[in-house]
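J.: Got a predicted structure here, sequence first:
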Amino acid sequence: MQELVNIFVKGIFIENMIFAYFLGMCSYLAVSKTVKTGVGLGVAVIFVLGITVPINYLLENYMLKEGALAWLSPSFAEVDLSFLSFILFIAVIASMVQLVEMIVEKFAPALYGALGIFLPLIAVNCSILGGALFMQDRQYATIAEATSFGLGSGVGWFLAIVAIAAIREKIRYSHIPAPLRGLGITFIITGLMGIAFMAFMGIEL
């Protein structure tokens, strides 16, 4: 249990998708103009990462990597389908994003309109695919560890976009030099937040 908590906390603070790896920056910058849209997209990312990482873990360990098909028959023990990883990972992600899009459109049409094109673009969000690839690279021992990593990464991305959205709402009423208004000051703030999150890297879990 402690190991699961460690993986979850590391995904939020130490290995934050935005501040440690700068993955998913396009959606992070474009949809963080208001806290409402930031929260909506952040929750969607948590859901997609929490679902796709464990599904891709099962695909990786029971279908794709060398010897994964041995459970079907000993004759498949040497089959290696790892070259299909990217295609299948993206297919799973696209399917889950389509499900999220339908749910948001049904139950929160105002949020659906506010998110616009960026909701379906979660399918090509670098942080979503990055979650699957990090899971594959780190070779988690169980599906529980993979799920904990996916949820932690999603919560970390959620905190990042909500934090920058809140700051952007506040600085809208501040005096900012004209050349830095908009994305300029947002990049500066993101860099400073990234430096602040580097402090968590000293924590040993």
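T.: In hand now; what should we look at? Numbers count the residues shown, from 1 in each chain.
J.: any idea where the helices of the protein begin and end?
T.: Assigned by DSSP state H, the helices in the chain fall at 2-9, 25-30, 35-59, 85-107, 109-115, 126-138, 143-171, 183-197.
J.: Which residues does the fourth one contact?
T.: Contact partners of helix 85-107, identified using CB atoms under 8 Å, 6 or more residues apart in numbering, comprise 40, 44, 47-48, 51-52, 55-56, 59-60, 63-64, 111-112, 115, 119-120, 122-123, 128-129, 132-133, 136. Every C-beta, even on glycine, is put in place using the N, C-alpha and C of the backbone.
J.: Check the burial of residue 2 by counting its neighbours.
T.: 7 (other CB atoms under 10 Å).
J.: And for residue 152?
T.: Residue 152: 29 neighbours (other CB under 10 Å).
J.: Kindly report the same for residue 56.
T.: 26.
J.: go on, the one 10 residues further on?
T.: Residue neighbour count, defined by other CB under 10 Å, stands at 12 for residue 66.
J.: Now it: closest residue in space that isn't a chain neighbour?
T.: residue 80 (3.9 Å; CB to CB, 6 or more residues apart in numbering).
J.: And residue 51, by the same measure?
T.: residue 96 (5.2 Å).
J.: Mind pulling up the pLDDT for residue 69?
T.: According to the prediction, residue 69 has pLDDT 88.
J.: do residue 175 as well
T.: 86.
J.: and the residue nearest to residue 66, how many neighbours?
T.: 12.
J.: which regions of the protein lie under the pLDDT threshold?
T.: Residues of the chain that meet the criterion pLDDT under 70 lie in 204-205.
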